[in-house]
Each structure stands twice: as structure tokens, then as C-alpha cells.
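Participant: Need a 3D model of the sequence below.
(chains A and B)
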Amino acid sequence: MIAAVKALLSSVLAGLLGLDTVQAGQFLLSRPALVGPVLGWLNGCPLEGARLGILIELIYIDFIPVGGVVPPNGAAAAAAAVLAHAYGGLAPSLSFFLGVLAGAAYSPVETRLRAARSAWNPVVESQAAAGTLELRRWLARAMLAENAALAAYAAAWTGLAALLALLPGLARLYPGTDFAYSLMPWLGLSGLYFRFRTQIYKKG
Amino acid sequence: MFLRMFLRSFFIQAGWNYERFQNLGFAFCLQPALERIYPDREKYKAALLRHLQIINTQPYMASFVLGNVARIEETAAAAPDPAAALKNMPGVKQALATSFASIGDRIFWGRLKPMTAQICLLVWSAGGFLGWLFTGLDTPAPVWLLLAGPLAGIIFYSAFAVYWRWRGLKTGYDCGGQAACGLGCSDWTRMIRLLSTAGFSMSLAIALLAVGLLAAMNCGSCSPSALALKIGLPLGVLALHRVTRALGRSVFFAAGVVLGASLLAFSVLGLEPFKLYL
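Facilitator: Numbering: from 1, shown residues only, chains lettered A, B, ... in the order given. Coordinates of the predicted model:
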């Protein structure tokens, strides 16, 4: 019971940090490199949290949020991975791949939330014309919805991980996932290298 | 007014939507200026409606547009014919939004953001935490170090972001009304080039550090052929990523290939797994 409450609170924290991705601040507090160690620390696995976080960060470095594109969500990925490990009981390697998948699968959720806000425009305009517009409230509502969505999403993936851990024969996957996981830092480093190498060739 | 606009600019994307992008946040940021410029309620409402139209730019560089638009509104309010003074405003707003989006995307998303990860890796390495490279290494690391890495990157990044948010507001207001307002306030091309060079140098340093560490961890502990395999595999992953990029596929494809091959070899065929280090 206590574990479930802690997992839920961690999901809410992930949702709050996730607001930094687009909606509030954009100080990069929502990057997996920070969300990972923070959630890991709060849930008793700081080392694994840090490792999962930075590896997801390096994998996601290939994606840039330009022109309204919705890239995979790093906060959702790191939260799902760390909580899958801490509460789902999955090995870090499997948690990592689950997290990467969770982050990528969050894009359609984010797209729907953004699309839903389009319907607000006529209402906002009519309120502005009537002189009753409280933009602060609309924005708070948008952030609350985003926070709730991300928190629920992270909690759902934690539950899924816990169910996955019950599967018989899951341990048979671990030699394969562990080896693939050990190669992920190199995939991430190559992403970092090619990102800047291309820029140098383009001369800015 | 400036301080309120500056603080509100941190929420410019809070209401991002597909129909008009940042319009809700933009109008929210501009409200303090509009309230001061238009004490008349009807004029204020009309101004607010003007800024609920479509707008999209890079969030940190949006301050340039905000400052500029605030100045245009101020000038128009004092002009004998406000409608004529506001005639060019949508065009100027759009032109600046597009230009600054292009600059901001290159500086912040393209360069500074990946650099935060590099800073994190360098801080961790300097502090002796190598778990980011060797996933099976369980040498304990202090929590402060694990948090210091990402926080160092975030502080570095946020210093730029906060500075340009504030300076953009001031610069935009000072030269408001001009179509190229603020575009010349810095040598953007030089800045982008410098950041690219710094980022590439750090990438190279981290890659060399990683290969060096891998060789050092295995030195003397295995046969030359095993050593070649343990160094060759990571280099193979680098080559796989290069090919993936050339084929126009994302990094997920490369990760999927690595995972699929590993599962096949060690989980399905039952080959004896090995670690990349001792």
C-alpha cells in the first residue's frame, strides 16, 4: 500500500517536472538526465535512476521540438523507466527499453491535449470581447490537464511493469536486454557526436 | 511592466494549441503592457483580441517579439490615427517571430540542449561516476554527484535562456516597430558557430574518454581477440547509428536492431553473454 502511494506521488512529481517540457519555465528540469536521478533518489535507487535518465537523455537527443513537432517525452520516459524498476521490479535493462517506448508513445497523448486546446480559442475570444477573460485561469487549466495526464501515464506504465514482472519466464529475456543495454551508452554517444559533427560540416 | 512581462514569458507556451500555437500565452505575456497602454476598457479589449491571433516562435526568443509589439501598441495609442499606426504590426510580428524562431531553434534546441548532456557526463566523469558508460558497474556514487551533473547543465543552459528572455524584451521594446528589430543585437552566426565548435569538441572529448576507459578497463584482462571484440562492438554501434542516419531512420531503429540482435543471440539462441569490461 505504501509502495503504491509512493509510486503515485512519484508519478505526480514526474507530472510536475514534465510541465517544464513545454508549458512552464523550460529550464530543462524535465530532461530525463534530471528526472531519472531525482525519482531514483526518492525511491531508493539513485544510481540506477541516474543511469536510466542519462541513457534516455542520450537516446532522445536526436529529437528536437521545432515547428510544433511533438518529440518523445523525456520526463515520461524517465519516470516510466525508474518507476518500472523501483516498483515494477523489472531489471534496469528492461525498464530502460520500456521507458524509451513509454516516452515515444506519449507523443500522441500530447498531440491530443494540444488539439483539444484549439477548441478554446472561440470561447477565449468571446470572453475577451465581453471583457471577462481570465487568461491566467485558462493557462492554469491547461497545465493542470497536462500534469494530470503525465502523472496518470507514468502511474499506468508502473502498473504495466508490475504486471509484466509477473510473467513467467521473463528472466529469460534478461541476458539479451542486459547486453543491448550495455551498448546503449555508445548509441547515445554516437548521437551526440553526429549532432555536432553535422553542424560543423554545415558551418552554422 | 517589464518585470511582469518577463515573469509571464516563462508561461508563453502554457496554452499551446494547433490552431493558433502560442496565442494564449503571448496575449497573457502582453497583458501588463496592454493594461498600462490602454486605460480605456474598449481599447484594451480590442488590443487583447488583436493578440489572440496566430503566433508561433521559439519560446526564449519570443521576448524580442513581445518587446517590439508592446512598443508598437504604445506608439499607436499615442498616434492621431491608431489604425494606420497598427497597419504594419501583424507583418512585423510575423516576420520577427519567424526570424527569431530560426535563430532560437539553432542556438537552444540544436546546440545548448545537447551541451547540457555533455556537461552532465563531464561532471560525472570528473567526480568518478562511470556508471553512465558501464551499465553493469555498481560502484556507489554520492547522490550529490548524481544530481550535480544534470544541474550543472541546467544552470549553464538556463543562464543563456533567462538572459535572452530579459534582453530580448528590452531590445525589442527599444527598437520596436522596425521589421529587423533586434536581429542585429548580436552576431548570431558567430555565436552559433562557436557553440557548434564547443559542442563538437566536447563530443569528441567524451567519445575519446569513453573509448579510453573501455580499453583501460579491459587492458591485460583478456586476449587480444577478446579485446578487439569488446572495443569493436561499441564502434560497430557507432557505425550502425551512422548508417541508420544515412538511411533517414531514427535512433529508435538502431536501438531496435541492437535489442533484437541481443535477444536473438543471448535469450533465444542461448549464447554465453559477456560484459564489455571486467
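
Participant: For my notes, confirm residue A:70 occurs in a strand.
Facilitator: No. Per DSSP: H, G, I helix; E, B strand; the rest coil, residue A:70 lies outside any strand segment and is coil.

Participant: how near is residue B:150 to residue B:158?
Facilitator: 12 Å (CB to CB, to the nearest Å). Every residue, glycine included, has its C-beta placed from N, CA and C.

Participant: quick one: low-confidence ranges for the stretch 151-278 of chain B?
Facilitator: For the stretch 151-278 of chain B, the stretches with pLDDT under 70 are B:220-221, B:277-278.

Participant: For it, which segments are assigned as helices?
Facilitator: B:188-218, B:224-246, B:251-262 (DSSP state H, counting those that start in this stretch).

Participant: closest one to residue B:75 among those?
Facilitator: Closest to residue B:75 of those, according to CB to CB: helix B:188-218, at 26.5 Å.

Participant: Need the winner for burial among the helices of the stretch 151-278 of chain B.
Facilitator: Ranked by average neighbour count under the criterion mean count of other CB atoms under 10 Å in any protein chain shown, those are headed by helix B:251-262 at a mean of 19.

Participant: is chain A contacted by that one?
Facilitator: Yes. Using CB under 8 Å from any CB of the partner chain, helix B:251-262 comes into contact with chain A via B:251, B:252, B:254, B:255, B:258, B:259, B:261, B:262.

Participant: Quick check: which helices or strands does that helix pack against?
Facilitator: Other helices and strands packing on helix B:251-262, by 3 or more CB pairs under 8 Å, 6 or more residues apart in numbering or on different chains; DSSP states H and E, are helix A:46-60, helix A:92-105, helix A:174-202, helix B:224-246.

Participant: wait, doesn't residue B:67 sit right on residue B:173?
Facilitator: Yes. Using CB atoms under 8 Å, residue B:67 makes contact with residue B:173 at a distance of 3.8 Å.

Participant: Geometric centre of chain A: which residue is closest?
Facilitator: Nearest to the geometric centre of chain A sits residue A:76, at 1.9 Å (CA atoms, centre = their mean).

Participant: thought it was touching residue A:104?
Facilitator: No. Taking contacts as CB under 8 Å, residue A:76 lies outside contact range of residue A:104: 9.2 Å.

Participant: Could you say which helix or strand holds the closest residue to residue B:209 other than its chain neighbours?
Facilitator: With sequence-adjacent residues excluded and distances taken as CB to CB, 6 or more residues apart in numbering or on different chains, residue B:209 is closest to residue B:125, at 6.3 Å. Assigned by DSSP states H and E, residue B:125 falls within helix B:113-126.

Participant: What residues sit buried inside that helix?
Facilitator: B:113-125 (16 or more other CB atoms under 10 Å in any protein chain shown).

Participant: Summarise which helices and strands that helix is packed against.
Facilitator: helix A:32-42, helix A:46-60, helix A:174-202, helix B:143-174, helix B:188-218.

Participant: Report all helices and strands that the last one contacts.
Facilitator: Under the contact criterion of 3+ CB pairs under 8 Å, 6+ apart, the helices and strands touching helix B:188-218 comprise helix A:174-202, helix B:113-126, helix B:224-246.

Participant: Of residue B:150 and residue B:158, give the one with the bigger neighbour count.
Facilitator: Taking other CB atoms under 10 Å in any protein chain shown, residue B:150 and residue B:158 do not tie; residue B:150 has more neighbours (29 against 19).
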